[in-house]
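S.K.: Got a sequence here, can you model it:
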Amino acid sequence: MYLKRITLDRKRVKSKSDYPFCIPVIQNLEQLEIESNVTFFVGENGSGKSTLLEAIADKCGFHTAGGGRNNSYEAEATQSDLGDYVKLSWMPKVTNGFFLRAETFHQFASYVDSLEGDFSKYDPYGGDSLHHQSHGESFLSLFQHRFHQQAIYLLDEPEAALSPQRQLAFLRIMHDLASSGQCQFIIATHSPILLGYPDAKIWSFDRDRIAEVAYEDTDHYQITRYFLDNRERMLMELFKDEE
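M.R.: Now for the predicted structure:
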């Protein structure tokens, strides 16, 4: 592992009512220990998981709309509101890596197309423009061809473009990289498939403080399992007010 600890410099926080310090888990954050090569952030929308992941990317020097240290392009909403208040502790420090942000991946693909040079610029993405591939294909091309060892990868909802089958394919790619001990993943996700990765550490953002949670205790697992086992009953309950 490379990233060992995330610390919030609370002395610099002027007001807890300002964003993002009004988010309960950010307001109460002091330190978060990273103890696994694969770490998941889970929680409802607005719980702060993507905000913290973006801050980590900012401190790593990655483009906060998506990319690595050497990617520079104009994009909307690229300023991290938390990055200036976060300190990262490394052992050893690594500068290689990538920040995948599903909602701005289209802008990153356009940036790659705009680069000067021949078609070799597409080598890290499967040899073709990311725009010429389906959304899911472009994600897998990135994972397969640009992700290598001795790096940290920060992924914000990578399942957004992946079918269940391709989520399984991604799990295999992640396993091949993480099991080497030279590759680290921190992933914000809603996917019960991705969360099933063995021996991963799962941090829940659904309470006032970030807390470790077992896979089977996540809402993602429990709701999905209950729906699959009780589909008709759950739908009847969900739609009963419409009758």
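S.K.: And the helix or strand of the chain with the lowest mean pLDDT, what does it pack against?
M.R.: None of the helices or strands of the chain scores lower by mean pLDDT, DSSP states H and E than helix 105-114, at a mean of 88. Judged by 3 or more C-beta pairs under 8 Å, 6 or more residues apart in numbering; DSSP states H and E, the packing partners of helix 105-114 are helix 135-145. The way it works is simple: take the backbone N, C-alpha and C, and place the C-beta from them, glycine included.
S.K.: The helix or strand following the helix it packs on pairs with which strands?
M.R.: Using DSSP states H and E, the helix or strand that follows helix 135-145 towards the C-terminus is strand 151-156. Strand pairing for strand 151-156, using DSSP bridges, gives strand 97-101 (parallel), strand 183-188 (parallel).
S.K.: Lowest mean pLDDT across those strands, which one is that?
M.R.: Note on those: lowest mean pLDDT is at strand 97-101, with a mean of 93.
S.K.: got a list of contacts for that strand?
M.R.: With contacts defined as C-beta atoms under 8 Å, 6 or more residues apart in numbering, strand 97-101 is touched by 53-54, 57, 60, 62-69, 108, 139, 142, 146-147, 151-156, 158.
S.K.: try stretch 123-137
M.R.: The contact list for stretch 123-137 (C-beta under 8 Å, 6+ apart) reads 105-106, 108-110, 112-113, 119, 122, 138, 141-142, 144-146, 161-163, 166.
S.K.: Quick check on the residues you listed: which are buried?
M.R.: Neighbour counting with 16 or more other C-beta atoms under 10 Å marks Phe105, Phe108, Ala109, Val112, Tyr122, Ser138, Ser141, Leu142, Arg146, Ala161, Leu162, Arg166 as buried within the contacts of stretch 123-137.
S.K.: what sits against the first one?
M.R.: Phe105 makes contact with Gly66, Leu130, His135, Ser138, Phe139, Ala161, according to C-beta under 8 Å, 6+ apart.
S.K.: Looks like the last one contacts Ala102 (just checking).
M.R.: Yes: using C-beta atoms under 8 Å, Ala161 and Ala102 qualify as a contacting pair, with a distance of 6.5 Å.
S.K.: Just the strands from the protein, written as ranges.
M.R.: Counting by DSSP state E, the chain has these strands, from start to end: 3-8, 31-33, 38-42, 86-90, 97-101, 151-156, 183-188, 201-204, 211-212.
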